[in-house]
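> here is the input, now give the coordinates:
(3 chains)
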Amino acid sequence: MASETLIEINDLNFSYDTRTILKGVNMTMRRGQLIAIMGGSGSGKTTLLKLIGGAVRPSSGYVKVSGQVIHELNRDALFKMRRKMGMLFQFGALFTDLSVFDNVAFQMREHTDLSESMIRDLVLMKLHAVGLRGAHQLMPAELSGGMARRVALARSIALDPMLMMFDEPFTGLDPISLSVIGGLIRRLTDALGMTSIIVTHDVQESLSIVDYVYFIADGVIAAHGTPDDVKESEAPFVHQFVHGEIDGPVPFHYPAQAYLQDLNLEKALA
Amino acid sequence: MLKPIARIISVIQGIGHRVIEAVWRLGRATRFFLLVLLKSGTSLRRFGLVIRELYYTGVLSLIIIVVSGLFVGMVLGLQGYETLQKYGSETAVGTLVALSLVRELGPVVAALLFASRAGSAITAEIGLMKATEQLTAMGMMAVDPVARVVAPRFWAGVISMPLLAAIFSVMGVFGGYLVTVLFIGVDEGSFWSQMQSNVDFRIDILNGFIKSCFFGVAVTAIAVFEGYDSPPTAEGVSGATTRTVVTSSLVILGLDFILTAFMFRGL
Amino acid sequence: MQRATLDLWVGLFVVIGIGALMILSLKVGNLNTYGVSDSYVIKGNFDNIGGLKTRAPVKSSGVVIGRVTDIQFSTQSYDAIVTMNIDSRYQFPKDTFASILTAGLLGEQYIGLDAGGDEMMLKAGDTIMKTNSAMVLEEMIGRFMFDKASEDDDF
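Just a heads-up that it's a prediction; the model follows:
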């Protein structure tokens, strides 16, 4: 397996208004790896993807993709870089006014001079890879959630990207669609030799397919390692997250004043 | 003692806050408008994109424009006849109908209808594309959503508006003709000849056309801005749609006053 | 297939729209009555033009034969010089009478030409000698009152 570094994240900080979202994050990702970034809701996972894609600028630190610092690129260079990236959005984000076929063909038509018959062949190949070649005439509104996600996957690999980012690809799917998507992500990553980053909080599905896991909690990397390391880990946060325990380092209760005080029972009991 | 003063201060603060907010939004809208103009190259080079949107803004607005124009003209004919026959000049009804339509009602009413039919649809569509991350997705695919989504809709609106206004006026004149000539029995010859000798090409028709071009730019600019600027939630999109209709209507009427003052008061 | 029908509809829309503009210009407006054919310019001096405006019609026997293109005040003769564009299909004798008339009681003012009997025709740039000023309502009332007053004096 190629061990060349594709993404290097160094001491990355990001804050939104006054709220700090990421604090001193360091990561390295190699070509051909399938990496999961896990963490609770609102822990800054999606922000991390946006930083890699150059949609937002870091407060300090940098993200390097194949040797180039993303936030220092000008618009044209950034758009050039983005052509080599694919991103799957949480609910697919298919273009609702275009058919399945046109959705997948979108980037080919925008960025290449391929002939229409060539595009047709390529689109059908991509759709075949996700098992939806027969659905190419449908509109996005006619697809189920799982199918829409698969079409979006086909669309994002349309130009054979070197980096794929998946934002919560498993959310809201039934168990069958979930393992279909999981299997597809693994197979496509290997077949196309790309690096894939999955942002998710679905522990079981992702641990079964990924090569490496980062846990993010409160904007810092709480733990990282291979899936086997993580399953064995005794670190309290990782243990709670992997086994889905209700209370632990991530408390069940939102910070509040003492319960008795809130109910005005202190005096009565005193 | 202090309470009323504090209340007055807070009211004044509220007003000031709103004014600043409005000026700030206006600035952002203007910047966005310039951005759209700047990025119109793609839509002009790939005119297919604009043609697609012309279908949604123009063709789909056709029915409401044709039907409303017909009825407005019929009402004008009836009312005009009622009033003019008191002075024995019912043949001037053609002039009345044509001038009212070509100068004012055609451009203005067509623009108001256009704002509520096509403008709101543009806002809702762009807002929904934003809310469902389609615009972000497009940006991540290295395609500029302003050039690919916003600019074609803008130009389609700008092209549709004058055509729709002209269709509205013609339907109105036809409606007036139906009521006064065919139903009431005003002399057909004098209906047309009075109209033709009093409607001037440059003063009336060209100015009406220019008005509708201005309205087209204003309505679609507001519609695309509200859509692009809407908060990415269901309430955000519905609020933006309402704002499009309200703001466009006010801007149309205000602009109409300014343009009329320029066109028909000399200058 | 869908693309083609869409194009067809849009094409139809544009055709109808441009057709409507044509109808407005030709049938509703009067684009076909001036500017299309050749015209020649004549002038006339009037003591008082009343409410005459540029673009007002010039009529003869009720037919529109031209338009007022310019109105100037002359400091030499202290009267108004009205320039008219007349359709070159219509020629008028030198002694044609030009008067400023009003359409109806309160209507728009226009210039009426009454042909004379001269053999010579007006040429481009010529000035009409015989003119009749606009009726100004205040003057008419004033004259009427004055006449009435002088009648009363007789008694």
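> who touches stretch A:70-87?
With contacts defined as Cβ atoms under 8 Å, 6 or more residues apart in numbering or on different chains, stretch A:70-87 is touched by A:49, A:51-54, A:57-58, A:62-66, A:68, A:107, A:111, A:156-159, A:161-167, A:194, B:137, B:139-142, B:144. All C-beta atoms are positioned from the backbone trio N, CA, C, and that covers glycine.
> which among the residues you listed end up buried?
The neighbour-count test (16 or more other Cβ atoms under 10 Å in any protein chain shown) marks A:49, A:51-54, A:58, A:62-65, A:107, A:111, A:156-159, A:161-167, A:194, B:137, B:139-142, B:144 as buried among the contacts of stretch A:70-87.
> one step back: show only the entries of the contacts of stretch A:70-87 found in helices.
A:L49, A:L51, A:I52, A:G53, A:Q107, A:H111, A:S156, B:A137, B:G139, B:M140 (DSSP state H).
> number of nearby residues for the nearest residue to B:S230 once chain neighbours are set aside?
Distance criterion Cβ to Cβ, 6 or more residues apart in numbering or on different chains; nearest residue to B:S230, sequence neighbours excluded, is B:A240 at 3.5 Å. Neighbours of B:A240 under the rule other Cβ atoms under 10 Å in any protein chain shown: 23.
> which SSE is B:A240 in?
Assigned by DSSP states H and E, B:A240 belongs to helix B:234-264.
> strands of chain A, start to end?
A:5-16, A:19-30, A:34-38, A:60-65, A:68-69, A:85-88, A:163-167, A:195-200, A:212-217, A:220-225 (DSSP state E).
> same list (these) but as JSON lines, adding mean pLDDT.
Putting the strands of chain A into JSON lines (pLDDT from 0 to 100) gives the following:
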{"stretch": "strand A:5-16", "mean pLDDT": "85"}
{"stretch": "strand A:19-30", "mean pLDDT": "84"}
{"stretch": "strand A:34-38", "mean pLDDT": "88"}
{"stretch": "strand A:60-65", "mean pLDDT": "87"}
{"stretch": "strand A:68-69", "mean pLDDT": "86"}
{"stretch": "strand A:85-88", "mean pLDDT": "87"}
{"stretch": "strand A:163-167", "mean pLDDT": "88"}
{"stretch": "strand A:195-200", "mean pLDDT": "89"}
{"stretch": "strand A:212-217", "mean pLDDT": "86"}
{"stretch": "strand A:220-225", "mean pLDDT": "82"}
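> in the helix of greatest length in chain A, what counts as buried?
The single longest helix within chain A, with elements called by DSSP H, is helix A:175-192. Of the residues in helix A:175-192, A:S177, A:L178, A:V180, A:I181, A:G182, A:L184, A:I185, A:R186, A:L188, A:T189, A:L192 count as buried by neighbour count, 16+ other Cβ under 10 Å.
> which parts of chain B sit against chain A?
Residues of chain B found near chain A (Cβ under 8 Å from any Cβ of the partner chain) are B:125, B:128-129, B:132-134, B:136-144, B:148.
> mind listing the residues bridging to the spatially most central residue of chain C?
Computing the C-alpha centroid of chain C and ranking residues by Cα atoms, centre = their mean puts C:P57 first, at 2.0 Å. Applying DSSP bridges to C:P57 yields these beta-bridge partners: C:R67.
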